[in-house]
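Enquirer: predicted model and sequence follow; I will ask about them next.
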Amino acid sequence: MKKSFKHIFLATTVVSALTVGCSKSDLIDLYPQFSLSAVNSPANMDQVEEVLTGAYQGFRSGSYYGDGSGSGFSLMPDMMSDNLLETNESLANYKTLTDWVYADDDALVSGIWSAPYAIIANANIVLRDVDKFTTTENQTRANRLKGQALAIRAHAHFDLFRYFATSYDRSSTSELAVPYVTEFNISPIVKPARISNKDFYDKVIADLNGAVALLGNVDQTINPLATKRPMIDLAGAKAMQARVYLYAGMWAEAIQAATDAIALRPLAAQANFAGMYNETDAGEIIWNAQFDASQGGPGGGVYFSQNNRSAYAPAAEIATMDGTSGLLQDNDIRYDAYFRTIAGPNGPRLVVSKYRGKAALTDGNANFPVFRTGEMYLIRAEARARITPSQETQAMADLNALRQARITGYVDENLTGAALLTAIANERRRELFAEGHRFFDLKRTTKSIVRAGGCGDPSISPAVCTLPSTAREWAFPIPFDERSVNGNIQQNPGY
């Protein structure tokens, strides 16, 4: 991956990694060591930790959780689904993705491919070098750095898999995943190939098992603040396991990992829920991508609060201005946390305001919640409903517990079979709205996208409205630039 590593990594992540805790003279001394000869090692454990910081900073890329280049893993999965509809306020920056007309030369797709591999490169430097500086005295520090790097490597690879794999089948030895890169190497002769789904899952699971083992014995609290959790701790690694096991259909393992994560991070009370989105209360956040002042945020492609542009609006089946219809209504704490009615060029409209700013600000600077406890309840509920023999009573208890924490006046339900699975899927739409899940949930469960509520009406939304479950567009094409330098990588069918 010559382009992914040599150009993206050196241009974006190394400089940011080295500026943390370095004076100007330090930067001048250190920069050639990394950029001109990337196979050279950091000189001490502090510099290894700086490279790890650079990996975290990579998640702010506009092609990852940030905005500006597609918000690939934050808002785009909702924009590409039936959760959000493009409006006439849109500048049409993302239409190739949200209308499903991408090709292998699409710059947005290329960015979504390159951004995770840049992060993986940093993680691999940490994993290559941390043991060189590990002693008996700093073993628990080394555990902290190595555990986070393993988790980051697994997470970034798995996000790539969600977009570029044609199938999520855990046991398939014929379906192709993406290259799983475990060494930092910018040599043009290194041309990794795609591996089978089975081999890919094996590697992700191995990395996460390693992360869990290490992060249970560290030198300090990884996320000590009450308002944010910007780094991956043991709860984060457990949450990653739960999500991977859900996609893999490993129901017993998903139940256990989600249970472990819930034990480490309980559900937020209603009074604390909204604070997760404006950095006033970490609540049930397990891991958030951190965007500090002047670093942007995840939501500008949907609602650009700085100039009040609502480019993508919630579908009517999600929420409405009067708060009395749709999946999210005004008796639900999530309604006010996610939406506001704000005057626009054609009158008032409901906007996605959950990322409009921290505290009372409206500058678009907000963190992105990569993992929350609400997702863990829904993973456990779905796994309990699908496992053989089924655990429908426990699944319903999870669903009721989550709803009790969110909806004022909620009365417990008792569902079984298909009705229970439908209820869990609908609750995922409520709970995880605009948090990067809907497109992948539909792909994972082989459902079609059918956009309703005005889709296709040029006076409301010019969007394309349906994507059959068998369409090639459920998997992105491997970018042309990647294939032009790596003859070992196979294109997805139909491109």
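Expert: Perfect, thanks for sending it. Here the structure is a predicted model, which means the values were calculated and not measured. Numbering: from 1, shown residues only.
Enquirer: span of stretch 336-355 from start to end?
Expert: 12 Å (CA to CA, to the nearest Å).
Enquirer: mind showing which ranges of this structure have poor pLDDT?
Expert: 1-40 (pLDDT under 70).
Enquirer: one more time with 90
Expert: 1-41, 68-70, 185-190, 452-464 (pLDDT under 90).
Enquirer: the residue positioned nearest the centre of it: what's it in contact with?
Expert: Centroid-nearest residue in the chain: Phe73, 4.6 Å away (criterion: CA atoms, centre = their mean). Residues counted as contacts of Phe73 (CB atoms under 8 Å, 6 or more residues apart in numbering) are Tyr64, Tyr65, Ile112, Asp159, Gly436. Quick note: C-beta positions are derived from backbone N, CA and C, even for glycine.
Enquirer: show me where the stretch 151-300 of the chain has its helices.
Expert: When assigned using DSSP state H, counting those that start in this stretch, the helices of the stretch 151-300 of the chain occupy the ranges 197-215, 234-248, 251-264, 270-273.
Enquirer: got the CA coordinates for the third one in PDB?
Expert: As requested, the backbone C-alpha atoms of helix 251-264 are provided in PDB (Å, rounded to 0.1, in the frame of the first residue of the first chain):
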ATOM      1  CA  TRP A 251     -23.600 -14.900  19.900                       C
ATOM      2  CA  ALA A 252     -22.200 -16.400  23.200                       C
ATOM      3  CA  GLU A 253     -19.000 -14.300  22.800                       C
ATOM      4  CA  ALA A 254     -21.000 -11.200  22.000                       C
ATOM      5  CA  ILE A 255     -23.100 -11.600  25.100                       C
ATOM      6  CA  GLN A 256     -20.100 -12.100  27.400                       C
ATOM      7  CA  ALA A 257     -18.100  -9.200  25.900                       C
ATOM      8  CA  ALA A 258     -21.100  -6.800  26.100                       C
ATOM      9  CA  THR A 259     -21.800  -7.900  29.700                       C
ATOM     10  CA  ASP A 260     -18.200  -7.200  30.600                       C
ATOM     11  CA  ALA A 261     -18.400  -3.700  29.000                       C
ATOM     12  CA  ILE A 262     -21.600  -2.900  30.800                       C
ATOM     13  CA  ALA A 263     -20.100  -3.900  34.100                       C
ATOM     14  CA  LEU A 264     -17.300  -1.400  33.500                       C
END
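Enquirer: tell me how far it is from the chain's mean position?
Expert: 19 Å (CA atoms, centre = their mean, to the nearest Å).
Enquirer: what does the shortest one give?
Expert: Centroid separation for helix 270-273 versus its chain: 23 Å, with CA atoms, centre = their mean.
Enquirer: from the contacts of Phe73, which would you call buried?
Expert: Tyr64, Tyr65, Ile112, Asp159, Gly436 (16 or more other CB atoms under 10 Å).
Enquirer: narrow the residues you listed to those in helices?
Expert: Among the buried ones among the contacts of Phe73, the ones falling in helices (DSSP state H) are Ile112, Asp159.
Enquirer: of the helices of the stretch 151-300 of the chain, flag the one that's most buried.
Expert: helix 234-248 (a mean of 26; mean count of other CB atoms under 10 Å).
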